[in-house]
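Q: Quick one: sequence plus predicted model below, questions after.
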Amino acid sequence: MTWCLPGCPTNLLAVPGLETPPLAMGGDDRMGGDRVFSFEHVPVMPEEVIHYLEPRPGKTILDSTLGGAGHAAKILQAGAALIGLDQDPNALSHAEERLKEYGNAVVLKQINFAQMLNVGSEICPEGVDGILMDLGVSSHQLDCADRGFSLRHQGPLDMRMNPAEGVDAAEVINEWDEADLARIFWELGEERKSRAVAGAIVRRRGVKPFRDTLDLADCVSQIVGRRGRIHPATRVFQALRMTVNREMESLEAALESAPALLKPGGRIAVITFHSLEDRMVKRFFKSRSQPEIDRPEWPAARSNPDFCMSRVTRRPAIPRSEEVRTNPRARSAKLRVAEKRKVVVS
Ligand SMILES: C[S@@+](CC[C@H](N)C(=O)[O-])C[C@H]1O[C@@H](n2cnc3c(N)ncnc32)[C@H](O)[C@@H]1O
């Protein structure tokens, strides 16, 4: 779902003077079941993000995961211009409303960040000074039962961040092979009882297909049982969400395109909440920041053709205990930052 400025050839949303469609101005939010003004999301590690991206007048920062626009607002308050992306039309509507006071300093677009290179070079051909990726879903998406992300509220088994694209969670749960379900529960959810859960789902769907979130959460809970404080179906829901939204594939594509989008000296900051994502970011930054590569089968080290960045954070930054206390969602966050080299040796 995209909205165009009258006469605008693309679906870019420049905030000033925008003739905003009713949904974007906080009308009945049919996807969320509440009004877009009630968007709740506390940004994670906001001071650290500002510290590393150093937004200021004359700089352009691309926030590829606008969400509730908490980080975006701080970037704009510091005087930088902002290109804001989100694949969720609901998040974009909210961000448009929240950021309208910044006028021409903001350009918003509904798109998957896997395509950020096309968008960024179209809007800012000279490159951007910073890229922010704050992965996963927003608290608002989790809280809106109609989106199907929540295992505590009854809703349709959907889980698509962009409800107009791709297959929904019901299709994965009701159609996929048992072995494929077990694999995603194991690989993406790190669920120890992945095979037993997949088996129970396949048996149950043979009687009656799954349609809603609580139905699935109950079936999974009966197999997994409660351990600790987290809901027994948390890992399976996480794996499903990551599958439905192709989250690992999108992250990989976005990381690959980041160096070409950054100006020399520009920085990329990535906040992850999942060990697989953090590992991907860590490996990517390492692979781009080594001048040479050495392999056991080679007689000598060779120069690295991908060498174009340096790591700003060797170890990931993590939230302070005070932040975790006030915003428990931050507890598993890891922030890694890398900088595009000023002189790239060819
Ligand atoms: C954790 S929230 C971001 C919160 C935001 N930083 C803030 O301060 O409010 C993640 C957002 O990224 C969006 N998102 C996740 N994956 C995406 C992707 N591949 N492309 C575009 N947006 C994505 C989600 O729809 C969600 O709104």
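A: Received it, and whenever you're ready, just let me know what you need.

Q: Close to the ligand: what parts of the chain are there?
A: Contacts of the chain with the ligand, taken as Cβ under 6 Å from any ligand atom, map to 41, 43, 65, 67-71, 85-88, 91, 112-114, 134, 136-138, 161, 250. For every residue, glycine as well, the C-beta is placed using N, CA and C.

Q: Which among the residues you listed count as buried?
A: 41, 43, 65, 67-71, 85-88, 91, 112-114, 134, 136-138, 161, 250 (16 or more other Cβ atoms under 10 Å).

Q: just checking, R195 touches A182?
A: Yes: if you go by Cβ atoms under 8 Å, R195 and A182 touch, sitting 4.6 Å apart.

Q: Name the residue in these two with the higher neighbour count.
A: Between R195 and A182, counting by other Cβ atoms under 10 Å, A182 is the more crowded of the two (21 against 17).

Q: and the residue of the stretch 51-200 of the chain nearest the ligand?
A: G67 (2.5 Å; Cβ to the nearest ligand atom).

Q: domains of this structure?
A: In the domain annotation for the chain, the residue ranges read 13-140+248-340, 162-244 (automatic domain parsing).

Q: And the ones you listed, which one averages the lowest pLDDT?
A: Per-segment mean pLDDT for the domains of the chain reaches its minimum on domain 13-140+248-340, at a mean of 88.

Q: quick check, distance from it to the centre of its chain.
A: A distance of 8 Å separates the C-alpha centroid of domain 13-140+248-340 from that of its chain, computed with Cα atoms, centre = their mean, to the nearest Å.

Q: Ok, stretch 198-211 next?
A: Its chain's average C-alpha position is 30 Å from that of stretch 198-211, according to Cα atoms, centre = their mean.

Q: buried set for it?
A: A198, A200, I201, V202, R204, R205, F210.

Q: between those, which is closest to the ligand?
A: Nearest to the ligand among these, counting by Cβ to the nearest ligand atom, is F210 at 23.4 Å.

Q: Now do the same contact list for the closest one.
A: With contacts taken as Cβ atoms under 8 Å, 6 or more residues apart in numbering, F210 has the following neighbours: L157, A170, I173, N174, I201, R204, L216, C219.

Q: same thing with R341?
A: With Cβ under 8 Å, 6+ apart as the criterion, the residues that contact R341 are P264, F307, C308, M309, S310.

Q: related to what we said a few turns ago, close enough to count as contact, the residue of the stretch 51-200 of the chain closest to the ligand and A91?
A: Yes: with contact defined as Cβ under 8 Å, G67 reaches A91; the gap is 5.5 Å.

Q: between the two, what contacts are shared?
A: Each of S138, H140 lies in contact with both G67 and A91 under the rule Cβ under 8 Å, 6+ apart.

Q: The nearest residue to G148 once chain neighbours are set aside: neighbouring residues, count only.
A: Computed as Cβ to Cβ, 6 or more residues apart in numbering, the closest residue to G148 that is not its neighbour in sequence is D158, at 3.5 Å. When counting by other Cβ under 10 Å, one arrives at 19 neighbours for D158.

Q: list the buried ones in the helix or strand that contains N118?
A: N118 is located in helix 116-123, with elements delineated by DSSP states H and E. The neighbour-count criterion (16+ other Cβ under 10 Å) identifies M116, L117, V119, G120, I123 as the buried residues of helix 116-123.

Q: Over to stretch 151-170?
A: Neighbour counts over stretch 151-170 (16+ other Cβ under 10 Å) mark 151, 153, 155, 157-163, 168-170 as buried.

Q: Identify the residues contacting the residue nearest the centre of the chain.
A: Nearest to the centroid of the C-alpha atoms of the chain, with distances taken as Cα atoms, centre = their mean, sits L135, at 3.0 Å. Shown in contact with L135 (Cβ under 8 Å, 6+ apart): T65, E247, L251, V270, I271, T272, F273, H274, E277.

Q: Turn the buried residues of stretch 151-170 into a markdown table, columns for secondary structure.
A: Compiled in a markdown table, these are given as follows (DSSP: H, G, I helix; E, B strand; the rest coil):
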| residue | secondary structure |
| --- | --- |
| L151 | coil |
| H153 | coil |
| G155 | coil |
| L157 | coil |
| D158 | coil |
| M159 | coil |
| R160 | coil |
| M161 | coil |
| N162 | coil |
| P163 | coil |
| D168 | coil |
| A169 | helix |
| A170 | helix |
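
Q: now, which of these sits nearest P299?
A: Ranking the buried residues of stretch 151-170 by separation from P299, with Cβ to Cβ as the measure, puts M161 on top at 48.2 Å.

Q: what sits against L240?
A: Applying Cβ under 8 Å, 6+ apart to L240 gives the contacts M159, A169, V172, I173, I184.

Q: mind running it again at 10 Å?
A: With Cβ atoms under 10 Å, 6 or more residues apart in numbering as the criterion, the residues that contact L240 are 148-149, 157, 159, 168-170, 172-173, 181, 184-185, 188-189, 216, 220, 233.

Q: Thank you kindly, that will do.
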